[in-house]
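Chemist: Build me a model from this:
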Amino acid sequence: MTGFEIYEDKHELEKMLTRLRQQGFLREYEINMKKKDGQIAPFNISISILKDKDNNNIGSVCVTRDLSERKQAEKERIRHEKLQGVLEIAGAVCHEMNQPLMAISGYTELILMDLPKKDPLRERMAKIKEQTDRLGTITRKLTSITRYETKDYLKGKIIDIDKAGK
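Modeler: So this is what the prediction gives:
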């Protein structure tokens, strides 16, 4: 592999070389390059052209730094920030939902206690109680989210509260 074959994008390489010729140096220029194993990775490159006493180019000094780990850490930081945002929203929603939910659940239980066993309304009230209990389970799951997990939903993705919870 020659020196120029390590660059993924020939256009970007030309841009970098033009800038180097104009300035005589590059500082922390970011470009994608091939690693020894052939994988493409982001690199930070600094180059200084060496000149003789007559100002002729006689060589260059080049320092490169693989940015793969830094970029991965940045992705993880962004992912963590997304999770924190989700947790804050989930906590606020759960807090606001729990008060009226507990009231509905409590009133439903009181009505069920007062209804005779054969009353046709009893089955409907039991369904309301069942659904308020289900909502309570969902709010508990939301407050137990510890990681960012998604699942496919219609035309996009949504948070998978079952997988994201503890």
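
Chemist: Partner strands of the lengthiest strand in the chain, with direction?
Modeler: Using DSSP state E to define each element, the chain has its longest strand at strand 40-51. For strand 40-51, the paired strands and their directions (DSSP bridges) are strand 25-34 (antiparallel), strand 57-66 (antiparallel).

Chemist: Give me whichever of those strands is most buried.
Modeler: strand 25-34 (a mean of 15; mean count of other CB atoms under 10 Å). Where C-beta positions appear, they are placed from N, C-alpha and C, glycine not excepted.

Chemist: model confidence over that one, on average?
Modeler: Average pLDDT, strand 25-34: 91.

Chemist: And this structure, what are its domain boundaries?
Modeler: The record's domain split for the chain, according to automatic domain parsing, is 3-66, 71-164.

Chemist: Which parts of this structure are helices?
Modeler: Taking DSSP state H as the test, the helices found in the chain are 10-23, 68-114, 121-143, 161-164.

Chemist: Other residues contacting the last one?
Modeler: With contacts defined as CB atoms under 8 Å, 6 or more residues apart in numbering, helix 161-164 is touched by 138, 141, 142, 145, 146, 147, 148, 149, 151.

Chemist: Thanks again, I'm all set now.
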